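Undergrad: below: sequence and its predicted model.
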Amino acid sequence: QVQLVESGGGLVQPGGSLRLSCVASGDVFSIYAMSWYRQAPRKQRELVAAITTSDSTHYPDSMKGRFTISRDSAKNTVYLQMNSLKSEDTAIYSCNADFLGSDASAWGQGTQVTVSS
């Protein structure tokens, strides 16, 4: 089993930056890729960014430019750097892990990001 714990959310003014962290514990060697998703009120969950254990990254077109995903394998941690934040970035941001040879995935509890003046 893998446990994911996010941190780094909070209240930020428009134009500001935040860096989210997701620490994985447990059977981390089974992880193939980790992703950040977000869900705003009354909206569907959407992918923000993903990174594999070989450091290959993926961003949906709508997320390119302001978001950067990275990882520190020694710390079993994935980061999401968010710049030039807008009010529409307000959402709960959750970390996800996918596993080798499995359709299962793990989720963190999420961290709230609020962009407001």
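TA: Nice, I can see it.

Undergrad: quick check: end-to-end length of stretch 90-107?
TA: 19 Å (C-alpha to C-alpha, to the nearest Å).

Undergrad: and stretch 56-75, by the same measure?
TA: Termini of stretch 56-75 sit 18 Å apart (C-alpha to C-alpha).

Undergrad: list the buried ones in it?
TA: If you call a residue buried by 16 or more other C-beta atoms under 10 Å, then stretch 56-75 has these buried ones: 59, 63, 67, 68, 69, 71. Every residue, glycine included, has its C-beta placed from N, CA and C.

Undergrad: report the spatially nearest residue to the last one, omitting neighbours in sequence.
TA: Right, residue 71. residue 78 (4.6 Å; C-beta to C-beta, 6 or more residues apart in numbering).

Undergrad: list the contacts of the one you found.
TA: Residues in contact with residue 78 (C-beta atoms under 8 Å, 6 or more residues apart in numbering) are 21, 22, 24, 34, 36, 51, 69, 70, 71, 95.

Undergrad: which SSE is it in?
TA: Element membership of residue 78, judged by DSSP states H and E, is strand 77-82.

Undergrad: which is the next helix or strand following that strand?
TA: Criterion used, DSSP H and E; the element after strand 77-82 is strand 91-99.

Undergrad: got the buried residues for the strand holding residue 78?
TA: 77, 78, 79, 80, 82.

Undergrad: quick one: the strands in the chain?
TA: For the chain, the strands defined by DSSP state E occupy 2-7, 10-12, 18-26, 31-39, 46-52, 57-58, 67-72, 77-82, 91-99, 105-107, 111-115.

Undergrad: can I get the ones you listed in a markdown table including mean pLDDT?
TA: Putting the strands of the chain into a markdown table (pLDDT from 0 to 100) gives the following:
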| stretch | mean pLDDT |
| --- | --- |
| strand 2-7 | 96 |
| strand 10-12 | 98 |
| strand 18-26 | 97 |
| strand 31-39 | 97 |
| strand 46-52 | 98 |
| strand 57-58 | 97 |
| strand 67-72 | 97 |
| strand 77-82 | 98 |
| strand 91-99 | 97 |
| strand 105-107 | 95 |
| strand 111-115 | 98 |
